[in-house]
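**Q** what follows is a predicted structure for the sequence shown.
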Amino acid sequence: MPIPGVFGMASVAAARKLECKDLHGYLKTLPHSILDKLYNHPATCLAVFRQLPQLSKHYVMRMLFIEQPVSQSAVGLWVTNEHNEEHKYASKVLSDLRVWHEQQMQGGLLGWILNETFRSNMKVALLGGGLDSKISGGPLPPDKHAKDIPFLDKYALERWECVLHFMVGSTEGTEGVSRDIIDVLLHAGLMTTDGVDPLPSITPAGFQFLLMDTGSQVWYFMLQYLDTVESRGMDLIDCLSFLFQLSFSTLGK
């Protein structure tokens, strides 16, 4: 896609580098109260578990049915000294996400104990509960307007390209770009308004965004959208829970 030369490449290079957080990076920025409420949903617990480092998953599974703290020194013995850095990282991830927390044990030792809400709902998820059958791949009634996977892929790509065309000032297909989408682009700093031209224009950060692969673009946009949901009068926990449920669905079903 040709990009108008509103900014030179030097300006793009000098601009603040976009940070496209992964799921762990995003969730650890949320207030503790939000994380604790999210873990009331089994699908969220399972989705978070799937994204954990391998060693963190191992710790969760070993402690899932232990309802008392395990000393930190004992957990440290679960790995050899040569993997000590991996152990520190795995422990930090679990702490950042409030999957476990420190608790003082008898005798003054510090231990780790799984978040009780996470533990309970993770058990439910592992036993196949807590997922909406309409989202998680359960049988659905016949749909006379059903679309096949190639159609869905093509439609999704076309709609996303409309957003990219809008960002670079093209009019091709941009009549479908809603006010909500424009508001997210402005909030993210990918576009800006100067008070003269009624249409927003792309920023240096927006050019960086265009250079990202499509998957990263969509994920970055979703994170920016989530950052605005409360100002729209929506519940962030409901939105995140829906996305986590959706992550277990199968395309075309």
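**A** It's in. Numbering: from 1, shown residues only.

**Q** buried ones in stretch 27-34, by neighbour count?
**A** 27, 30 (16 or more other C-beta atoms under 10 Å). Any C-beta I mention is one placed from the backbone N, CA and C, and that applies to glycine too.

**Q** can you give me the end-to-end span of that stretch?
**A** Across stretch 27-34, the terminal residues are separated by 9 Å (C-alpha to C-alpha, to the nearest Å).

**Q** average pLDDT for that stretch, rounded please.
**A** In this model, stretch 27-34 has a mean pLDDT of 89.

**Q** what do you get for stretch 225-242?
**A** On average, stretch 225-242 scores 91.

**Q** kindly export stretch 199-218 (C-alpha atoms) in CSV.
**A** Written as CSV, here are the backbone C-alpha positions of stretch 199-218 (Å, rounded to 0.1, in the frame of the first residue of the first chain):
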residue,chain,number,x,y,z
LEU,A,199,-10.4,14.5,9.0
PRO,A,200,-7.6,13.2,11.2
SER,A,201,-4.1,12.6,9.8
ILE,A,202,-1.6,9.9,10.4
THR,A,203,1.2,10.4,13.0
PRO,A,204,4.7,8.9,13.1
ALA,A,205,3.4,6.3,15.5
GLY,A,206,0.8,5.5,12.8
PHE,A,207,3.5,4.8,10.3
GLN,A,208,5.1,2.4,12.6
PHE,A,209,1.8,0.7,13.1
LEU,A,210,1.5,0.2,9.3
LEU,A,211,4.8,-1.6,9.2
MET,A,212,3.6,-4.2,11.8
ASP,A,213,2.3,-7.5,10.6
THR,A,214,-1.5,-7.8,10.5
GLY,A,215,-1.8,-10.0,13.6
SER,A,216,0.2,-7.5,15.6
GLN,A,217,-1.8,-4.6,14.2
VAL,A,218,-5.2,-6.2,15.2
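
**Q** report the mean per-residue pLDDT for that stretch.
**A** 92.

**Q** i'd like the first residue to be 9 from this point on
**A** Fine by me, first position is 9 from now on; the one you just mentioned is stretch 207-226.

**Q** show me where the stretch 159-261 of the chain has helices.
**A** Listed in chain order, the helices of the stretch 159-261 of the chain (DSSP state H, counting those that start in this stretch) span 187-195, 212-219, 222-234, 244-254.

**Q** most packed of the ones you listed?
**A** Most buried of the helices of the stretch 159-261 of the chain by mean neighbour count (mean count of other C-beta atoms under 10 Å) is helix 212-219; its value is a mean of 19.

**Q** any idea which of the helices of the stretch 159-261 of the chain gets closest to residue 26?
**A** helix 212-219 (4.8 Å; C-beta to C-beta).

**Q** and the angle from the closest one to helix 187-195?
**A** Inter-element angle recorded for helix 212-219 and helix 187-195: 120 degrees (by axes from the mean of the first three to the mean of the last three C-alpha atoms, to 10 degrees).

**Q** span of stretch 114-134 from start to end?
**A** Start-to-end, stretch 114-134 (C-alpha to C-alpha) is 32 Å.

**Q** so what's residue 224 closest to, chain neighbours aside?
**A** The shortest distance from residue 224 to any non-neighbouring residue, by C-beta to C-beta, 6 or more residues apart in numbering, is to residue 28 (5.2 Å).
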